[in-house]
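Show me how the following folds:
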Amino acid sequence: MKRILPLILAVFAVACSGPDSQEAEAPDDAALASSEGAAAAQTIVVCGLCPSGYTRVSSTCSDRCNPVEFPCLPRLGNESTCVLTPSGTVSANPTTVRINTNVTTVGTTNVCWSVTNATTGEVWVSMNGQPEALMSRGPSGCVSVPWIYVGSSYDFRLYAETAHATLLNTVTVVGQAYTPTPPTCGPCATGYSCFCGDRVCRREGTSCP
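I've put the predicted structure just below:
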């Protein structure tokens, strides 16, 4: 009997632990359902055209929609499946890159972007109207662009997702040359002049350093 009682208690403890372990897994299922619900909220089905802020991805003729108020039109149907329209911003600082041509012919700008209602975005760049090249990808970010050349123009274009099809925004950056104005010498007092060429007034007749 002494050996049987501990065994019975052990079996009872294991049996009681079963429901607790199942309940511990429930939050994962709830989180999954919540995630699926959030994704479903991105898509709606309406009679007629999509509301503002949504883009139609498909349409059909449906008995669910009142044929008098929403007649089935060729190629349009009367029921639309709509998704939230992606949007985004792209900016550059500065947009005019001033470059001291006494020192270099290239300057730097910083490009930042962000997308909404899209999983990611791509920033493509076109220099002087040439074909675009992919520069960066992500839902948001900032990158330093140290290759802005004097006299060149760069269009930074933000696209939704990775299909390179939905243009969201554009910013243009130009490289502008400048030459600092050298300081002048004088006017000098009587008996002084800038004869040494270093823009310093010196007494005439003295030696240059």
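
Can you show me the helices along the protein?
Ranges of helices within the chain are 4-41, based on DSSP state H.

just for it, where's the confidence low?
Low-confidence segments of the chain (pLDDT under 70): 1-41.

Quick check: N102 touching P182?
No: counting by CB atoms under 8 Å, N102 does not reach P182; the two are 9.6 Å apart. C-betas here are computed from N, CA, C, even on glycine.

Going by neighbour count, list what's buried in stretch 136-143.
With burial defined by 16 or more other CB atoms under 10 Å, the residues of stretch 136-143 counted as buried are S136.

Oops, could you answer that again for stretch 90-107 instead?
Buried residues in stretch 90-107, counted by 16+ other CB under 10 Å: V90, A92, V97, I99, G107.

Distance to C61 added to those, as a markdown table?
As requested, these are exported to a markdown table (distance: CB to CB, whole Å):
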| residue | distance to C61 |
| --- | --- |
| V90 | 40 |
| A92 | 47 |
| V97 | 55 |
| I99 | 61 |
| G107 | 58 |
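
Greatest separation within those residues: which pair is it?
Farthest-apart pair in the buried residues of stretch 90-107 is V90 and I99; separation 22.3 Å (CB to CB).

How many residues are close by A118?
Counted with other CB atoms under 10 Å, the neighbours of A118 add up to 19.

so it touches Y159, yeah?
No: with contact defined as CB under 8 Å, A118 does not count as touching Y159 (9.2 Å).

hang on, the earlier thing: take the buried residues of stretch 90-107 and keep only those in strands.
V90, A92, V97, I99, G107 (DSSP state E).

For P183, see how far away the first one is.
If you measure V90 against P183 using CB to CB, to the nearest Å, the figure is 40 Å.

What of the third one?
According to CB to CB, V97 and P183 sit 25 Å apart.
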